[in-house]
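In: Everything below, folded, please.
(chains A and B)
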Amino acid sequence: MLAVANQPFLWLCAIAAFAAISLGGAMWMIGALVLTPLLMKGNTALTHTNPTLLAIVPAAAMLAAFFTLGLEQFTISSAHIFAYLGAAGAMAACIFISRATRKKWVTEWSQGISIVAGLAVAYFITTAH
Amino acid sequence: MLVGLAISLAAPAYLLFFAGLGATPAQVLTAFLAVAGAFGFLWMIEPVTYFPILGESSIYQAFMTGNIANKLLPAALTAQTAIGARPGTRRGGPAPVSAISGAVMVHLTSLVLVVGFFGTWFIANLPPTILHVMQVYIVPTVFGAVPVQALAHLKQPRTAAIAVLVSVTVVFVISPAVPAFGMYATVAAVASTIILAWDLRKRRTAQ
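Out: Next up, the predicted model:
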């Protein structure tokens, strides 16, 4: 900090960068503020023409977003793939146990359980060799 | 949301206009353009990508909070699964709102406790291998668990199959071939899956 404080030019750069980053963050909010009403209009117009859209569009968007983000992890390293599969397997087990025993809390905690399980798999994979 | 916007801009505005440090609007504009060059397209694309999932009420919350794909979407999905509400239905609307509120509260509480209260003590006392595993592999575990839950919850095998095919094509065929395409991968996959799932939906045969 002292080194920076003694050099007015560096201060200036820091402030300009801080202002730019804050403005950049604000643009996300502005984007959502401007686009949401437009998207709502399109949404109501479409659902008036066909209510089946309501079932398909959110499901398609959700599945595509998660599969794309997940598969991108596959390109990083093989341990990432094992972590991914470990968590996926744990989630499948959670859903199965929850349905078989009719215990709702297993579903509610499934996300956390799967993350810990996936991390455990990654831990054993990376420390094994 | 406008209040949130005003607060987030208040600190730089104070430094710029009242602290008398002499940064000019032109310098800020230059820096802003640099940020816009890196993230500008995301400002438009992210609201469009996540709107069909989050819906009207929670999208405002989500864009004030951040960490949408890795924190808020999984929370919203878990909440909808727990009460058995499909996205896009009337029951599905309030679930993400309360899930996002819950996620924000947990996040802030743990931030205050772990960072604010314990400081670096907590991090320093974790075994380095465990810390490393947590930092590197938390993202794939989140994205590994969520699709399985989404599959079980949504029960739309046809849409799911299309989503898998599209994502595989986008991630393993298009992205490696066109490196600049990487940033647009999610929105491209979402848009083409919506269109394909709609085109190839199960139609009742007219009798």
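
In: So what does the spatially closest residue to A:Gly70 that is not a sequence neighbour look like in phi/psi?
Out: Closest residue to A:Gly70 apart from its sequence neighbours, by CB to CB, 6 or more residues apart in numbering or on different chains: B:Phe143 at 3.7 Å. No exception for glycine: its C-beta is placed from N, CA and C like everyone else's. Phi and psi for B:Phe143, reported as degrees, to the nearest 10, are phi -80, psi -10.

In: how about B:Phe143, what does it touch?
Out: Going by CB atoms under 8 Å, 6 or more residues apart in numbering or on different chains, B:Phe143 touches A:66, A:69-70, A:73, A:84, B:70.

In: quick one: what helix or strand has residue 64 in it?
Out: Since you didn't name a chain, this refers to chain A. helix A:53-74 (DSSP states H and E).

In: Not quite, go with chain B.
Out: Using DSSP H and E, B:Met64 falls within helix B:25-65.

In: Distance check, the closest residue to B:His132 other than its chain neighbours against A:Ala79.
Out: Leaving aside its sequence neighbours, B:His132 sits nearest to A:Thr126 (CB to CB, 6+ apart; 7.9 Å). Taking CB to CB, to the nearest Å as the measure, A:Thr126 falls 6 Å from A:Ala79.

In: Can you tell me the SS state at B:Arg86?
Out: coil (DSSP: H, G, I helix; E, B strand; the rest coil).

In: Find the closest residue to chain B in chain A.
Out: Per CB to the nearest CB, A:Gly118 is where chain A lies closest to chain B, at 2.9 Å.

In: Show me the helices in the chain, by range?
Out: You didn't pick a chain, so chain A it is. Counting by DSSP state H, chain A has helices at residues A:2-5, A:8-49, A:53-74, A:78-101, A:104-128.

In: Sorry, I should have been clearer: chain B.
Out: Taking DSSP H, the helices of chain B run over residues B:2-17, B:25-65, B:73-82, B:94-110, B:121-125, B:128-154, B:157-168, B:175-177, B:185-199.

In: now the angle from the last one to helix B:25-65?
Out: With axes from the mean of the first three to the mean of the last three CA atoms, to 10 degrees as the criterion, the two stretches helix B:185-199 and helix B:25-65 enclose an angle of 50 degrees.

In: Pull out the buried positions in helix B:185-199.
Out: Within helix B:185-199, the residues that qualify as buried are B:185-194, B:196-198, counting by 16 or more other CB atoms under 10 Å in any protein chain shown.
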